[in-house]
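*Asks:* Using only what follows, build the 3D model:
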Amino acid sequence: MPHALVNNRAAMNALRGPVRLRTLTALRWLAVGGQTLAIFAVHFGLGFPTPLGLCLGAIAASAWLNLFTILRFSPQRILSDREAAAYIAFDIAQLCTLLFFTGGLANPFSALIIAPVTIAASFLTLRFTLIIAALGVAGVTVLGLYHMPLPWTPGDALEIAPIYKAGVWAALTFSVCFFAAYAHRIAAESAQMRSALAATQLVLGREQKMSALGGLAAAAAHELGTPLATIQLTAKEMLRDLKDHEDLAEDAELLISQAKRCRDILGRLSKHGDAGDVMYDRIGVASILKEAADPFFESDDGVEIRIEADSLDGAVEPELQRRPEIIYGVRNFIENAVAHAKSTVVVAAKWDADTISISVNDDGPGFSAEILARLGEPYVSGRTGARRDGGGAKKGGLGLGFFIAKTLLDGAGAKVSFENHQWGENAAETGAIVTATFPAGTISAAS
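*Replies:* Have a look, this model is predicted:
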């Protein structure tokens, strides 16, 4: 199977959660309170003279903007990326202004420039994250060159060596870039995981509904049996009373025959539902492989699918619990194998007293080295960006299939592995193999 990472920035951006105005407003109030406390502590507590009016003016500007947004907009307002970026850009500019009045990079609180950049990176798209990070770096650079003196003991100037200022600038610049990249990456992976897990739940729910159809059919047959018997009895009475009305008598006979036909159909459904309990609850290993591979036996791509089942210690074939997650997971691996095989896919089961192993082998080109270690993560595709659809054409994917299949099988107790292996008797080609190994006790029908 050729494998490549699908690069779909639009899809990734859609996964990021929106941010409410109330969230950023609360953070700004926290900043306003902290800044005010710090200025008062330095000026009145430590006795270091500060440009109090300028500093309080910068803080007041932030507080005024907060009050304006609270009065103008609903706290539950969802901000667009552009609005959120502008909101945070103001906070960076306000913080840089305050630092300009209080010593620039010599001020220990200059490290706070990292905070708004990190917050922005946690929910903004890459484009706006880069803009905010660039603004933060620009602010640090300006503060390194231009600033008012650091508040200090009157009559005693604090001189800081230029090389130290350069080191602080380098440290803050690196920190801004690193934390922005780190927060953006973590947020993106978290959003991908939430979306992929939601898709997994939807798939599993659909499979469980399909598995329940047999029981529903039996229940429907049982519930409908009584009204149909009443209809049939009433029709017979009508037939006795309508012997002198030939046309109406024929209609009554038709009604009786159709009611009888309905009861026969419901009887078969009821019997099938009873049998279905056994079929769905207890199923042999080979049967579960055939069921998983069934949609691909009649495919038009010319790929042969072979089912193999073998005991490693001579034990009889175990009966398994028929679990939708196992069937769907194996089926997804078979689909990928068929899409990239040259001519043959082997779906094999091996078991002993302790373990049951199900593997899907194909004679395609195998997993690429750069993607093999990441298979099973959401939005990492085991394909080169395309696969065959039902008509033989190729279509792309987001790489969710492997993640969903692995997640479902992991939930069933399996350990899933992906690797390449030598294929065929002469081992001349390398194909792909996906193996799910279960502890026998976790999926055995006897457990």
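*Asks:* ok, the nearest residue to residue 111 once chain neighbours are set aside - contacts?
*Replies:* Excluding the flanking residues, the one nearest residue 111 by C-beta to C-beta, 6 or more residues apart in numbering is residue 172, at 6.9 Å. All C-beta spots, glycine's among them, are computed from the backbone N, C-alpha and C. Counting by C-beta atoms under 8 Å, 6 or more residues apart in numbering, residue 172 touches 105, 110-111, 113-114, 140.
*Asks:* For the stretch 1-150 of the chain, which segments count as helices?
*Replies:* Assigned by DSSP state H, counting those that start in this stretch, the helices in the stretch 1-150 of the chain fall at 9-15, 21-40, 52-72, 81-101, 114-121, 126-145.
*Asks:* List of residues touching the last one?
*Replies:* This means helix 126-145. Contact partners of helix 126-145, identified using C-beta under 8 Å, 6+ apart, comprise 9, 13, 81-82, 84-85, 88-89, 92-93, 95-96, 99-100, 104-105, 110, 113-114, 116-117, 120-121, 124, 165-166, 168-169, 172-173, 176-177, 180, 184.
*Asks:* got the angle for that helix vs helix 114-121?
*Replies:* Counting by axes from the mean of the first three to the mean of the last three C-alpha atoms, to 10 degrees, helix 126-145 lies at 170 degrees to helix 114-121.
*Asks:* what about the strands in the chain?
*Replies:* Assigned strands in the chain, in chain order: 19-20, 78-79, 282-284, 304-311, 319-321, 344-351, 355-362, 387-388, 394-395, 415-423, 429-439 (criterion: DSSP state E).
*Asks:* what is residue 360 paired to in the beta sheet?
*Replies:* For residue 360, the beta-bridge partners are residue 347, residue 434 (DSSP bridges).
*Asks:* How far off centre is stretch 148-157?
*Replies:* 54 Å (C-alpha atoms, centre = their mean, to the nearest Å).
*Asks:* Report the buried residues of that stretch.
*Replies:* By neighbour count with 16 or more other C-beta atoms under 10 Å, stretch 148-157 contains the buried residues 150-152.
*Asks:* for stretch 410-424, same thing?
*Replies:* So stretch 410-424, judged by 16+ other C-beta under 10 Å, has buried residues 412, 414, 416, 418, 420, 423.
*Asks:* do the same with stretch 246-262
*Replies:* Using 16+ other C-beta under 10 Å as the test for burial, stretch 246-262 gives 249, 252, 255-256, 259, 262.
*Asks:* Roughly how far does residue 95 sit from residue 321?
*Replies:* To residue 321, residue 95 is 60 Å away according to C-beta to C-beta, to the nearest Å.
*Asks:* got it, and residue 230?
*Replies:* Applying C-beta to C-beta to residue 230 and residue 321 gives a distance of 40 Å.
*Asks:* between those two, who's got more neighbours?
*Replies:* residue 321 (17 against 11; other C-beta atoms under 10 Å).
*Asks:* related to what we said a few turns ago, among the buried residues of stretch 246-262, which one lies nearest to residue 69?
*Replies:* Nearest to residue 69 out of the buried residues of stretch 246-262 is residue 262 (C-beta to C-beta; 66.8 Å).
*Asks:* who touches residue 96 in this structure?
*Replies:* Going by C-beta under 8 Å, 6+ apart, residue 96 touches 113, 139, 142-143.
*Asks:* Distance of residue 39 relative to residue 153?
*Replies:* 17 Å.
*Asks:* and what of residue 75?
*Replies:* Applying C-beta to C-beta to residue 75 and residue 153 gives a distance of 44 Å.
*Asks:* Contacts only, for residue 65.
*Replies:* Applying C-beta under 8 Å, 6+ apart to residue 65 gives the contacts 28, 90.
*Asks:* ignore the last one, residue 305
*Replies:* For residue 305, the contact set (C-beta under 8 Å, 6+ apart) comprises 293, 296-297, 334, 338, 344-347.
*Asks:* Show me where the stretch 1-150 of the chain dips below the pLDDT cut-off.
*Replies:* Residue ranges of the stretch 1-150 of the chain with pLDDT under 70: 1-18.
*Asks:* if we can go back for a sec, need the max-distance pair from the contacts of residue 172.
*Replies:* 105 and 114 (13.0 Å).
*Asks:* More neighbours: the two, which one.
*Replies:* residue 105 (25 against 17).
*Asks:* export the contacts of residue 305 to TSV and tack on distance to residue 326, pLDDT and neighbour count?
*Replies:* Below are those laid out as TSV (distance: C-beta to C-beta, whole Å; pLDDT from 0 to 100; neighbours: other C-beta atoms under 10 Å):
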residue	distance to residue 326	pLDDT	neighbour count
293	13	88	22
296	17	85	18
297	19	81	12
334	12	89	24
338	19	87	23
344	23	86	17
345	18	89	28
346	18	90	19
347	13	91	25
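*Asks:* could you dump those residues to TSV with distance to residue 66?
*Replies:* Shown next, in TSV, are these (distance: C-beta to C-beta, whole Å):
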residue	distance to residue 66
293	61
296	60
297	65
334	57
338	59
344	67
345	62
346	65
347	62
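*Asks:* Just the endpoints, please. Distance across stretch 407-418?
*Replies:* Stretch 407-418 has an end-to-end distance of 14 Å (C-alpha to C-alpha, to the nearest Å).
*Asks:* and that stretch, how far out from the chain's middle?
*Replies:* Centroid displacement of stretch 407-418 relative to its chain, using C-alpha atoms, centre = their mean, is 16 Å.
*Asks:* Go through the helices of the stretch 1-150 of the chain and name the closest to residue 316.
*Replies:* Comparing the helices of the stretch 1-150 of the chain against residue 316 with C-beta to C-beta, the closest turns out to be helix 9-15 (47.6 Å).
*Asks:* tell me the contacts of residue 119?
*Replies:* Counting by C-beta under 8 Å, 6+ apart, residue 119 touches 27, 88, 183.
*Asks:* gap between it and residue 329?
*Replies:* 39 Å.
*Asks:* And residue 408, by the same measure?
*Replies:* Using C-beta to C-beta, residue 408 is found at 4 Å from residue 329.
*Asks:* wait, residue 436 sits on residue 415?
*Replies:* Yes. Residue 436 is within contact range of residue 415, at 7.3 Å (criterion: C-beta atoms under 8 Å).
*Asks:* Using neighbour counts, trim the contacts of helix 126-145 to the buried set.
*Replies:* For the contacts of helix 126-145, buried by 16+ other C-beta under 10 Å: 81, 84-85, 88-89, 92-93, 95-96, 99-100, 104-105, 110, 113-114, 116-117, 120-121, 124, 165, 168-169, 172-173, 176-177, 180, 184.
*Asks:* Just read off the phi/psi values of the residue of the chain positioned farthest from its centre.
*Replies:* The outermost residue of the chain relative to its centre, with distances by C-alpha atoms, centre = their mean, is residue 244 at 71.5 Å. Per-residue torsions, residue 244: phi -90, psi 0 (degrees, to the nearest 10).
*Asks:* This structure - how does it break down into domains?
*Replies:* 9-193, 213-282, 284-443 (automatic domain parsing).
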